[in-house]
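# Here is the input, now give the coordinates:
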Amino acid sequence: MLDRLQIIKQRFDEISDLIIQPDVIADQKRYVQLNKEYKDLKALSEKRDEYVNLMGNIEEANEIISDGSDAEMVEMAKMQLEEAKERLPLLEEEIKFMLIPKDPEDAKNVMVEVRAGTGGDEASIFAGDLYRMYTKYCEAKGWRTSVVDLNEGTSGGFKEIIFEVTGEDVYGTLKFEAGVHRVQRVPQTETQGRIHTSAATVMVLPEAEEFDVQVDMNDVRIDFFCSSGPGGQSVNTTKSAVRLTHIPTGLVAQCQDEKSQHKNKDKAMQVLRSRLYEMELAKKQEEDAKKRSSQVSSGDRSAKIRTYNYPQGRVTDHRIGLTLYDLDGVMNGGIQKLIDELQLVNNTEKLKEASEVI
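Below you'll find the model as predicted:
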């Protein structure tokens with residue numbers, strides 16, 4: 001372990017020198033990438049320093065105990081040794097998790113698509129509740145959200161809403177939210193007071209940069225139309241909304257949130273690139289899934305991943321069998337506990353795989 005940590009320390013020192021070089025600062029793309037690597041390696045470098053100090057303390061304490069000439073020093077050394085030996089396995093476990101190779105997609109911003117599924121008007125209302133849950137969570141994380149496109153439900157909520165999330169490690173945090181979310185409650189539209197089950201599908205697409213996906217504009221049909229609904233009321237007489245159709249795949253992306261046709265086209269292009277990128281990523285995840293049966297794979301968008309039960313005030317994540325009796329907190333953006341547990345299970349699986357390879 002110390003050999004691997006030493007290599008990381010050397011790389012950290014190298015990057016520390018690089019990010020203050022004028023030519024690196026001038027190359028914005030490289031500077032951003034190196035800064036990200038610097039942050040990741042800084043945490044590991046600090047753990048490495050703690051590990052080296054701990055091993056030094058153990059060695060020093062053993063020498064004092066072996067010498068045995070000073071009874072008071074021996075007593076202090078025994079206490080130091082006990083503390084160090086207690087901390088060592090915990091620190092080694094922390095370092096093992098930190099050494100798991102990160103998914104390069106994890107640092108990306110995302111496009112989140114929430115669509116009403118089975119359940120009619122109630123499904124649209126639930127899709128609206130999920131959108132509110134995610135925006136509150138993002139706000140608490142200091143991330144920025146921006147609506148790209150929406151289609152309102154007839155009784156509230158959304159038949160579909162697409163929004164962008166920008167921040168740090170967004171995809172790595174939100175990717176396990178992809179799948180079918182079910183709700184069990186008495187619908188606002190139900191007069192008999194019976195509990196219904198409705199559903200909404202969440203897709204989390206890593207936002208693709210231009211260099212990730214090359215789109216030939218000859219393959220894209222561009223349609224302009226009038227915006228409608230909130231945000232579009234003042235411009236519904238001008239064709240500011242944009243719809244892009246990628247002819248080879250049949251994928252469609254549109255944006256009507258901005259008043260500028262040019263801005264809408266740029267946003268729609270972002271969505272189209274992200275969908276094309278996600279198609280390739282889904283293929284890769286499917287191949288990976290064949291190699292291992294991960295409980296928390298973010299690839300299967302048809303899997304029922306979570307149930308929100310209102311009569312009993314509980315939320316259950318079916319992939320890891322976790323139930324929280326804090327429905328109000330979760331629906332108000334308190335999903336960190338669920339995300340932490342999903343990431344822990346995923347990292348444990350990766351750690352097990354790495355051990356088997358070794």
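
# Could you pick out the longest helix of the protein?
When every helix of the chain is counted residue by residue (DSSP state H), the longest turns out to be helix 28-67.

# burial of the closest residue to Lys42 other than its chain neighbours, as a residue count?
Counting by CB to CB, 6 or more residues apart in numbering, Lys42 lies nearest to Phe12, which is 6.7 Å off, once chain neighbours are set aside. Where C-beta positions appear, they are placed from N, C-alpha and C, glycine not excepted. The criterion is other CB atoms under 10 Å. On that basis, Phe12 has 19 neighbouring residues.

# can you tell me which residues contact Phe12?
Each residue near Phe12 by CB atoms under 8 Å, 6 or more residues apart in numbering is listed here: 38, 41-42, 44-45.

# Going by distance to Arg144, which of those residues wins?
Closest approach to Arg144 among the contacts of Phe12 (CB to CB): Tyr38, at 22.8 Å.

# and the residue lying closest to that closest one once chain neighbours are set aside, what element?
Here the nearest residue to Tyr38 in space, its sequence neighbours aside, is Ile15; by CB to CB, 6+ apart that works out to 4.9 Å. Per DSSP states H and E: Ile15 is located in helix 2-18.

# Report the inter-axis angle for that helix versus helix 28-67.
Taking axes from the mean of the first three to the mean of the last three CA atoms, to 10 degrees, one finds that helix 2-18 is oriented at 140 degrees with respect to helix 28-67.

# Show me which residues of the least confident helix or strand in the chain by mean pLDDT are buried.
Averaged element by element with mean pLDDT, DSSP states H and E, the chain has its least confident helix or strand at helix 261-291 (a mean of 77). Within helix 261-291, the residues that qualify as buried by neighbour count (16 or more other CB atoms under 10 Å) are 261, 264-265, 267-278, 281, 285.

# go on, stretch 310-319?
Buried residues in stretch 310-319, counted by 16+ other CB under 10 Å: 314-319.

# Likewise for stretch 29-48?
Residues 31, 34, 37-38, 40-41, 44-45, 47-48 are the ones in stretch 29-48 that count as buried (16+ other CB under 10 Å).

# repeat for stretch 61-73
The neighbour-count check on stretch 61-73 (16+ other CB under 10 Å) flags 61, 64 as buried.

# Next, the residue lying farthest from the centre of the chain: phi, psi?
When each C-alpha in the chain is compared with the mean C-alpha position (CA atoms, centre = their mean), Ser69 comes out farthest, at 56.8 Å. The phi/psi pair for Ser69 (degrees, to the nearest 10) reads phi -80, psi -20.

# residues touching it, list them.
Taking CB under 8 Å, 6+ apart, we find Ser69 in contact with no residue.

# ok, Ala208 to Ala140 distance?
From Ala208 across to Ala140, the span is 26 Å (CB to CB, to the nearest Å).

# Over to Val74?
When distances are taken as CB to CB, Val74 and Ala140 turn out to be 51 Å apart.

# Next: Pro22.
Pro22 sits 38 Å away from Ala140, taking CB to CB as the criterion.

# now Glu190
For Glu190, the distance to Ala140 equals 32 Å [CB to CB].

# Do a quick rundown of the helices in the protein.
Secondary structure of the chain, counting by DSSP H: helices at 2-18, 22-26, 28-67, 71-98, 120-141, 170-174, 261-291, 327-331, 336-357.

# possible to save these as JSON lines with distance to Pro248?
Output for the helices of the chain, formatted as JSON lines (distance: least, CB to CB, whole Å):
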{"stretch": "helix 2-18", "distance to Pro248": "40"}
{"stretch": "helix 22-26", "distance to Pro248": "38"}
{"stretch": "helix 28-67", "distance to Pro248": "28"}
{"stretch": "helix 71-98", "distance to Pro248": "41"}
{"stretch": "helix 120-141", "distance to Pro248": "30"}
{"stretch": "helix 170-174", "distance to Pro248": "25"}
{"stretch": "helix 261-291", "distance to Pro248": "10"}
{"stretch": "helix 327-331", "distance to Pro248": "40"}
{"stretch": "helix 336-357", "distance to Pro248": "33"}
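
# Can you tell me which of the ones you listed has the worst average pLDDT?
Confidence, taken as mean pLDDT, is least for helix 261-291 of the helices of the chain (a mean of 77).

# orientation of that one relative to helix 336-357 in degrees?
Put simply, helix 261-291 runs at 50 degrees to helix 336-357, going by the same axes, to 10 degrees.
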